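K.L.:
give the three-dimensional model of this entry:
(one chain, ligands or ions: 2)
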Amino acid sequence: MQNLATTSSATQSNEPAIQVRGLTKAFRTYKKEPGFGGALKGLFHRRYEQTFAVKDVNFSVAPGELVGFLGPNGAGKTTTLKMLAGLLYPTSGEAHVLGYVPWERNDGYRRQFALLLGQKNQLWWDLPARESLDLNAKIYGIPRASFERTVAEMTELLGVKDKLNVMVRELSLGERMKMELIAALLHQPKVLFLDEPTIGLDVISQKTVREFLREYNAKQKTTILLTSHYMADIQELCRRVIIIDHGTIFFDGLLSDVVDRFADFKLITIHCDGAPARPKESLAQYGELVEQNADSLKFKVKRDRVIPVCKALLDDLPVSDIDIEEVPIEDVIRQIFAR
Ligand SMILES: Nc1ncnc2c1ncn2[C@@H]1O[C@H](COP(=O)(O)OP(=O)(O)OP(=O)(O)O)[C@@H](O)[C@H]1O
Ligand SMILES: [Mg+2]
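P.N.:
Numbering: from 1, shown residues only. Ligands and ions are numbered 1, 2, ... in the order given. Predicted coordinates for the structure are as follows:
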């Protein structure tokens, strides 16, 4: 009997925190014909077009996982997060977050997740930050002592302790974002959707928010789905990434595998004793010359050519040292998005 009970609770804890199947969202957009005539015609015969913002998306996220959700502008990231937060109804498909169907807007669900939209202000604009946070706490029925403790702790960690009495509209973008983050975490959500939480922040603030999120995720085991256009965020926080484009997922796996799969080049740098006296054209045989210094050369070389090219370089030039690197992930992602 006891065995059975253990098994069943183990199975339960293995259940994904987020489970998405065939999730689809089509928007009906009004199509206007060009010119005044078109506008006039549109008054009588509205022509609509269906555009798929999200199309047959499938993925699952385990409890405590921090997953990066990447894609170019208009790929469908925010739309997906809004459906998972119950702000939008899907056109079709299913989603379960912590066992809840988000768009049923169950109160039990509302208390266990948070959505932070970096592009949108969610705090009360005309109140000092502390009062705005306080209102959030009241909405969630958070006990006073716990509220005070959390706010003190988080404002300290994020370096905005001295900004609590400033009106939200007078906060800088970075300060406001940090307050938004605190507001989102007041009720200790189990699942956190972060849509560009570091957008527009300076490098130092970006780093502070990133460190904060890393520690928070490690300590609280909160499941986090994070979008960001800053690769530093993704690289430092996410082992796993889901890449979406035109509403469809085309990669779901380890960030390190993105490089293996999509970067068909490596970078070879050779250091020479004294400048290699070779004209540029003759260097082209080794690969694309991407950097040339007094005593070093850097080539971009097709993966399957790395070994023969290294051999040839060692034979042909007075090489004193050689480095082989992966193309930076930033470049790989840019290349994927540009396709
Ligand atoms: N309310 C809406 N009505 C019509 N089309 C919409 C609506 N909201 C989003 N879309 C369209 O759906 C697509 C996906 O938008 P979404 O905001 O999800 O992209 P995103 O991946 O978050 O992009 P970004 O990186 O720019 O934030 C876009 O083509 C967008 O124009
Ligand atoms: Mg977006």
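
K.L.:
any idea which element the closest residue to ligand 2 within the stretch 1-150 of the chain lies in?
P.N.:
The stretch 1-150 of the chain approaches ligand 2 most closely through Thr78 (3.2 Å), counting by Cβ to the ion. In this view, the C-beta of every residue, glycine as well, is placed from N, C-alpha and C. Assigned by DSSP states H and E, Thr78 falls within helix 77-84.

K.L.:
check Ala114 too.
P.N.:
Following DSSP H and E, one finds Ala114 within strand 113-117.

K.L.:
parallel or antiparallel, which strands does that strand pair with?
P.N.:
With DSSP bridges as the test, strand 113-117 is paired with strand 191-195 (parallel).

K.L.:
is the strand it pairs with positioned near ligand 2?
P.N.:
No - Strand 191-195 lies out of reach of ligand 2 by Cβ under 5 Å from the ion, never closer than 5.8 Å.

K.L.:
what is the most centrally placed residue in the chain paired to in the beta sheet?
P.N.:
Geometric centre of the chain, nearest residue: Thr227, 2.3 Å, by Cα atoms, centre = their mean. Applying DSSP bridges to Thr227 yields these beta-bridge partners: Phe69, Asp195.

K.L.:
my read: it touches Leu81, true?
P.N.:
Yes - counting by Cβ atoms under 8 Å, Leu81 is a contact partner of Thr227 at 7.1 Å.

K.L.:
so what sits against both of these two?
P.N.:
Phe69, Asp195 (Cβ atoms under 8 Å, 6 or more residues apart in numbering).

K.L.:
tell me the confidence at the nearest residue to Leu98 once chain neighbours are set aside?
P.N.:
Among residues not flanking Leu98 along the chain, Gln112 sits closest, at 5.5 Å (Cβ to Cβ, 6 or more residues apart in numbering). The per-residue pLDDT reported for Gln112 equals 95.

K.L.:
number the residues from 45 up from this point.
P.N.:
Yep, numbering from 45; the last one is Gln156 now.

K.L.:
mind listing what Gln156 touches?
P.N.:
Leu142, Tyr144, Pro233, Lys234, Val235.

K.L.:
who in this structure is up against ligand 2?
P.N.:
So the chain meets ligand 2 at Lys121, Thr122 (Cβ under 5 Å from the ion).

K.L.:
tell me the residues of the chain that contact ligand 1?
P.N.:
Within reach of ligand 1 by Cβ under 6 Å from any ligand atom, the chain has these residues: Phe71, Thr73, Ala97, Gly115, Asn117, Gly118, Ala119, Gly120, Lys121, Thr122, Thr123.

K.L.:
quick one: which of those residues is nearest Phe191?
P.N.:
Relative to Phe191, the closest of the residues of the chain next to ligand 1 is Thr122; by Cβ to Cβ it sits at 29.3 Å.

K.L.:
wait, the closest one touches Asp239, no?
P.N.:
Yes - with contacts counted by Cβ under 8 Å, Thr122 reaches Asp239, the gap being 5.5 Å.

K.L.:
overlap in contacts of these two?
P.N.:
Common neighbours of Thr122 and Asp239, counting by Cβ under 8 Å, 6+ apart, are Leu161, Thr271.

K.L.:
ok, which stretches of the stretch 145-294 of the chain are helices?
P.N.:
151-154, 173-184, 188-202, 217-229, 247-264, 275-281 (DSSP state H, counting those that start in this stretch).

K.L.:
tell me where the stretch 245-383 of the chain has strands.
P.N.:
267-271, 284-289, 292-298, 309-316, 332-337, 340-346, 363-370 (DSSP state E, counting those that start in this stretch).

K.L.:
quick revisit: the strand holding Ala158: how far from the chain's middle?
P.N.:
Here the centre of strand 157-161 is set off from its chain's centre by 13 Å, with Cα atoms, centre = their mean, to the nearest Å.

K.L.:
domains of this protein?
P.N.:
The chain breaks down by automatic domain parsing into domains covering 71-100, 106-303, 307-382.

K.L.:
now, of the ones you listed, which is deepest in the fold?
P.N.:
domain 106-303 (a mean of 18; mean count of other Cβ atoms under 10 Å).

K.L.:
how long is it from one end to the other?
P.N.:
23 Å (Cα to Cα, to the nearest Å).

K.L.:
give me the pLDDT for Met45.
P.N.:
Reported pLDDT for Met45: 35.

K.L.:
actually Leu84, not the one I typed
P.N.:
74.

K.L.:
beyond whatever helix or strand it lives in, next helix or strand please.
P.N.:
Using DSSP H and E, Leu84 maps to helix 79-88. Downstream of helix 79-88, the next assigned helix or strand under DSSP H and E is strand 91-105.

K.L.:
where does the chain dip in pLDDT?
P.N.:
Low-confidence segments of the chain (pLDDT under 70): 45-57, 318-322.

K.L.:
apply 80 and report the result again.
P.N.:
45-58, 74-91, 317-325, 383 (pLDDT under 80).

K.L.:
picking that back up, alpha carbons of the strand holding Ala158, as PDB, please.
P.N.:
In PDB, the C-alpha atoms belonging to strand 157-161 read as follows (Å, rounded to 0.1, in the frame of the first residue of the first chain):
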ATOM      1  CA  PHE A 157       1.400  32.200 -11.700                       C
ATOM      2  CA  ALA A 158       2.600  35.700 -12.700                       C
ATOM      3  CA  LEU A 159       3.100  37.300 -16.100                       C
ATOM      4  CA  LEU A 160       5.500  40.200 -16.500                       C
ATOM      5  CA  LEU A 161       5.300  42.200 -19.700                       C
END
